[in-house]
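Undergrad: sequence first, predicted coordinates after that:
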Amino acid sequence: MQSSSLTRAPPQTGINNQGVRAGRGGQLEMLRGKRVIVTGASSGIGEQMAYHLARMETHLLLTARTEAKLQKVVERCLELATKKLVCFEMLVPNSKPALLPGGLDMLILNHIGFSHFNYFNGDVGHIRKLLETNFLSYVAMTVSALPMLKESDGSIVVISSMAGRIGTPFIAPYSATKFALEGFFSSLRHEFILEKVNVSITLCVLGYINTGKLTVSHAVQDTPAPKEECALEIIKSGALRQRELYYPPRLLGSMLLLHAIAPDFLDSLIRSNYKLENVRRT
């Protein structure tokens, strides 16, 4: 593990709804000085969240599997921060978030393991490995961070997918892990409310986002939504302690409505959206 710290984050009070309704400026103000962990921060949406949070002058701890890429993100964050009072640390995914100095206000769980885009080939071992990364590690990090989040009345932000609400072809293992996330954190939210634990859980249900990865683009006809705007919406939803975020909202809202009233029609639309000649079998 390597770390690079510029200052120690002082204890903070919990993130709440005060000062948010004034618009984007108010949202940026309310996050200044907050202590935030972002996993999967070396690329894609996680990278963009790191840049937004650096501009907001939060105390950041960024994690990723690829140390060289993460180092570049850290350097860029240091350039974006208007004051050098933001601390960054790098750690391997299995490290505990308790390493963040001074406590924790927001845990953003964003990392995912690699998964093929193809017909399911019966590889149960791959599903087990993907569940470890995409689901069980989320649970483990939540368990480790929960004492700090309870102390600060903090927030948990879980990056999920429409594939965790509606099954789609060629990503069966990935979809299974996202369904697991949805079930676990929705249940945990109930328990927090019953036990009067003031830690919010925001499930971010994302559609097709331009993360810079080419795994899907060759076989999907849709145009991806921008990762920069998606990252900002995720941060705002966590700061506002929203129950759920859907992005892009119009498309996902339409899909959920069709899923409720005309599921067979929706399924046919989903299947027609793929370039089957570009989907391989293994």
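TA: It's in.
Undergrad: how many other residues sit next to Leu53?
TA: Under the neighbour criterion other C-beta atoms under 10 Å, Leu53 is assigned a count of 28. C-betas here are computed from N, CA, C, even on glycine.
Undergrad: apologies, that question was intended for Leu188.
TA: Leu188 sits with 18 neighbouring residues when counted by other C-beta under 10 Å.
Undergrad: in which helix or strand would I find it?
TA: Assignment of secondary structure by DSSP states H and E places Leu188 within helix 172-194.
Undergrad: just checking, what packs against that helix?
TA: Using 3 or more C-beta pairs under 8 Å, 6 or more residues apart in numbering; DSSP states H and E as the contact criterion, the neighbours of helix 172-194 among helices and strands are helix 124-131, helix 137-152, strand 155-161, strand 200-206.
Undergrad: how about 7 Å then?
TA: Contacting helix 172-194 under the criterion 3 or more C-beta pairs under 7 Å, 6 or more residues apart in numbering; DSSP states H and E are the following elements: helix 124-131, strand 155-161, strand 200-206.
Undergrad: what lies in contact with that helix?
TA: The list of residues contacting helix 172-194 from outside it, by C-beta atoms under 7 Å, 6 or more residues apart in numbering, reads 115, 120, 126-127, 130-131, 134-135, 138-139, 158, 160-161, 163-165, 167-168, 199, 201, 203.
Undergrad: can you tell me which of the helices and strands packed on helix 172-194 is most buried?
TA: strand 155-161 (a mean of 25; mean count of other C-beta atoms under 10 Å).
Undergrad: what does that strand rub up against?
TA: With C-beta under 7 Å, 6+ apart as the test, strand 155-161 has contacts from 15, 45, 106-110, 138, 142, 149, 178, 181-182, 185, 199-206, 234, 238, 241.
Undergrad: what about 8 Å?
TA: The set of residues external to strand 155-161 that reach it, using C-beta atoms under 8 Å, 6 or more residues apart in numbering, is 15, 40, 45, 105-110, 138, 142, 145, 149, 174-175, 178, 181-182, 185, 199-207, 234, 237-239, 241.
Undergrad: parallel or antiparallel, which strands does that strand pair with?
TA: As defined by DSSP bridges, the strand partners of strand 155-161 come to strand 106-109 (parallel), strand 200-206 (parallel).
Undergrad: for the ones you listed, which one sits closest to Arg32?
TA: With respect to Arg32, and counting by C-beta to C-beta, the nearest of those is strand 106-109 at 12.7 Å.
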